[in-house]
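Undergrad: predicted model and sequence below, questions to follow.
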Amino acid sequence: MPICARSLPLVVALFAALAPASAAEPALPPASAYDSPEPWRRPVAPFRIAERTWYIGTEGLSALLVKTDAGAVLIDGGLPQAADLLLARMRALGVAPSDLRLILHSHAHIDHAGPLAAIKRATGARLVSNAESAALLARGGSDDLHFPEAMQFPPVQADRLVMDGETVELGGVRFTAHFTPAHTPGSLSWTWSDRRDGRPLRIAYADSLSAPGYRLVDNPRYPRIVEDYRRGFAAVRALPCDLLITPHPDASGWTPADPASPSKNPISCRDYADRAERNLDEQLKKQRESR
């Protein structure tokens, strides 16, 4: 569901008064231990998605800020070196550090959970997770099932654990946790309702569904990996989903570097899951044939 063209001039004008143009900002520095693509570190101008929901991440990694009547909620953060950038974006949007009350996340990898420890220290916000991801967050990504050494980030403790389907509420906005165990066993997707152009908008922040280099056949550490992926696909298809956003924005057709039209090629939650399942089937077939 693309952003209404009538609202685009207001969005652009509003941001112009709040933050500098992304072209004037240098990319975030690379990390010595993790080689990340430059678009993941390249700042973009924050833009409004709906009445309460803002995009404050980089060109290649999503971070969302939801402003409520009782404070704000951050969903994902990107790489560890993005912490100061995110705090600056929040201030530009009128959210002081003490106004951030909750931190939600997708999965416990360095490119999404990287700055959560620093953001939590700076704001005092409570981090919400599930049991599977909380263990990995507390280890700072060490001993990850697929990348045991490469995905390490500053450890962070969860303050609240949620179950599948449980809601987290702040200022009248309810965020529902959905377990979508595809990209990681603890992958979380979130849905909430906002408004745009005076109409209700159901937003789904659906976690990644890819299996980059994963061992899918006879994986001794994760024997039921394919079954979990199937469950993840089914859960994403069932999400209330007028508007889909993903941790890597390009996976759902978003182009954050273009503030005039950040969602040029939006796709539905069902299309997102269907495409991911086709990719998994192809990957699975190749691994079986190579045995």
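TA: That came through, no problem.
Undergrad: please give the element, helix or strand, for the spatially most central residue of the chain.
TA: For the chain, the residue sitting closest to the mean C-alpha position, by Cα atoms, centre = their mean, is P247 at 3.4 Å. Under the criterion DSSP states H and E, no helix or strand holds P247.
Undergrad: surely it meets L61?
TA: Yes. Using Cβ atoms under 8 Å, P247 is in contact with L61, at 6.9 Å. Placement of C-beta: from N, CA and C, glycine included.
Undergrad: how close does the residue nearest to the centre of the chain get to G114?
TA: P247 sits 12 Å away from G114, going by Cβ to Cβ, to the nearest Å.
Undergrad: put the alpha carbons of the lengthiest strand in the chain into PDB.
TA: Across the chain, the longest stretch assigned as strand under DSSP state E is strand 188-196. Taking C-alpha atoms only, strand 188-196 is exported to PDB below (Å, rounded to 0.1, in the frame of the first residue of the first chain):
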ATOM      1  CA  LEU A 188      10.000 -11.800  15.900                       C
ATOM      2  CA  SER A 189       7.500  -9.900  13.700                       C
ATOM      3  CA  TRP A 190       5.400  -7.100  15.000                       C
ATOM      4  CA  THR A 191       2.000  -5.700  14.000                       C
ATOM      5  CA  TRP A 192       0.200  -2.500  15.200                       C
ATOM      6  CA  SER A 193      -2.400  -0.100  14.000                       C
ATOM      7  CA  ASP A 194      -1.800   3.500  12.900                       C
ATOM      8  CA  ARG A 195      -3.600   6.000  10.700                       C
ATOM      9  CA  ARG A 196      -2.800   7.600   7.400                       C
END
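Undergrad: for it, packing partners?
TA: Under the contact definition 3 or more Cβ pairs under 8 Å, 6 or more residues apart in numbering; DSSP states H and E, strand 188-196 sits against strand 173-179, strand 199-205.
Undergrad: where does the chain dip in pLDDT?
TA: Scanning the chain for pLDDT under 70 picks out 1-24, 32-33.
Undergrad: all strands of this protein, in order?
TA: 47-48, 53-55, 64-68, 71-75, 100-104, 126-129, 160-161, 167-170, 173-179, 188-196, 199-205, 243-245.
Undergrad: let me have the helices and strands packed on strand 188-196 in TSV, extended by distance to R275.
TA: Shown next, in TSV, are the helices and strands packed on strand 188-196 (distance: least, Cβ to Cβ, whole Å):
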stretch	distance to R275
strand 173-179	19
strand 199-205	15
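Undergrad: so which of these gets nearest F233?
TA: Nearest of the helices and strands packed on strand 188-196 to F233, taken as Cβ to Cβ: strand 173-179 at 12.3 Å.
Undergrad: that older thread, quick one: strands adjacent to the longest strand of the chain?
TA: Under the criterion DSSP bridges, strand 188-196 sits next to strand 173-179 (antiparallel), strand 199-205 (antiparallel) in its sheet.
Undergrad: state the distance from the residue nearest to the centre of the chain to G171.
TA: Counting by Cβ to Cβ, the gap from P247 to G171 is 24 Å.
Undergrad: equivalent analysis for D69, please.
TA: 4 Å.
Undergrad: these two - which one has more neighbours?
TA: Neighbours were counted for D69 and for G171 using other Cβ atoms under 10 Å; G171 has more, 14 against 9.
Undergrad: and the strands of the chain: which comes nearest L216?
TA: strand 173-179 (19.8 Å).
Undergrad: give me the common contacts of P247 and L61.
TA: Common neighbours of P247 and L61, counting by Cβ atoms under 8 Å, 6 or more residues apart in numbering, are D76, D111, H112.
Undergrad: out of those residues, who's the most crowded?
TA: Using other Cβ under 10 Å as the neighbour test, the shared contacts of P247 and L61 are led by D76, with 28 neighbours.
Undergrad: that residue against T58, yeah?
TA: No. Using Cβ under 8 Å, D76 makes no contact with T58, being 11.0 Å away.
Undergrad: picking up where we left off before, tell me which of the shared contacts of P247 and L61 fall in helices.
TA: Secondary structure from DSSP state H places D111, H112 of the shared contacts of P247 and L61 in helices.
Undergrad: and the shared contacts of P247 and L61 as TSV, adding distance to R41?
TA: Output for the shared contacts of P247 and L61, formatted as TSV (distance: Cβ to Cβ, whole Å):
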residue	distance to R41
D76	15
D111	10
H112	14
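Undergrad: counting neighbours, what do you get for L61?
TA: 24.
Undergrad: contacting residues for it?
TA: If you count contacts by Cβ under 8 Å, 6+ apart, then L61 has W40, D76, G78, L79, A82, D111, H112, P247, H248, P249 around it.
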